[in-house]
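Asker: Compute the structure for the input listed below.
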Amino acid sequence: MGSHKQALRLLDKQDASFVLADKGYDADDMIEEILAQGAQAVIPPKSHRQTSRHYDVCLYKERNKMERMYGKLKHFRRVATRYDKPASSYLSFVLVAAIYLWLK
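Answerer: Reported below is the predicted structural model:
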């Protein structure tokens, strides 16, 4: 099962205006499901598509910023390996790490 098939399950019953993803999620059934839910697909088209599809380039750049931030958070071993099992403890350390990165 492709990665976009699993992502379709995550989209079920979600309320969003935009769905941001990378080229790996550019599939017709994925785009159709996003549009059927009333959201806009911000997914760049794969290069082999016969007809290119428009997407919001500026919004896609924002996705990249978030992805880089998650990469920096994973440098904190406690975040990457999830030592803290209770969700509240884990979230607390993620917030501490984010504040550290923001102040850095």
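
Asker: Enumerate the positions of the helix or strand that contains Ser88 that are buried.
Answerer: In this structure, Ser88 sits in helix 87-103 according to DSSP states H and E. Buried residues in helix 87-103, defined by neighbour count with 16 or more other C-beta atoms under 10 Å: 93-94, 97. Using the backbone N, CA and C atoms, a C-beta is placed for each residue, glycine as well.

Asker: Save those as CSV, and put in distance to Asp29 and pLDDT too.
Answerer: Shown next, in CSV, are those (distance: C-beta to C-beta, whole Å; pLDDT from 0 to 100):
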residue, distance to Asp29, pLDDT
Phe93, 38, 92
Val94, 33, 92
Ala97, 37, 93
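
Asker: Please report phi then psi for the residue lying farthest from the centre of the chain.
Answerer: Ranked by distance from the centre of the chain (C-alpha atoms, centre = their mean), the top residue is Gln50, with 25.7 Å. The phi and psi values for Gln50, taken as degrees, to the nearest 10, are phi -70, psi -40.

Asker: distance of it from Asp28?
Answerer: 11 Å (C-beta to C-beta, to the nearest Å).

Asker: and after the worst-scoring helix or strand of the chain on mean pLDDT, which helix or strand comes next?
Answerer: Least confident helix or strand, the chain: helix 3-11 with a mean of 76, by mean pLDDT, DSSP states H and E. Downstream of helix 3-11, the next assigned helix or strand under DSSP H and E is strand 18-20.

Asker: List the contacts of that next one.
Answerer: When contacts are defined by C-beta atoms under 8 Å, 6 or more residues apart in numbering, strand 18-20 is touched by residues 11, 34, 39-43, 56, 59-60, 62-63.

Asker: again, 7 Å this time
Answerer: 11, 34, 39-42, 59-60, 63 (C-beta atoms under 7 Å, 6 or more residues apart in numbering).

Asker: can you tell me which of these are in strands?
Answerer: If you go by DSSP state E, these have 40-42 in strands.

Asker: These, buried ones only, as a ChimeraX selection?
Answerer: A single ChimeraX command is used to select the members of the ones in strands among the contacts of strand 18-20 judged buried by 16+ other C-beta under 10 Å:
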select :41,42
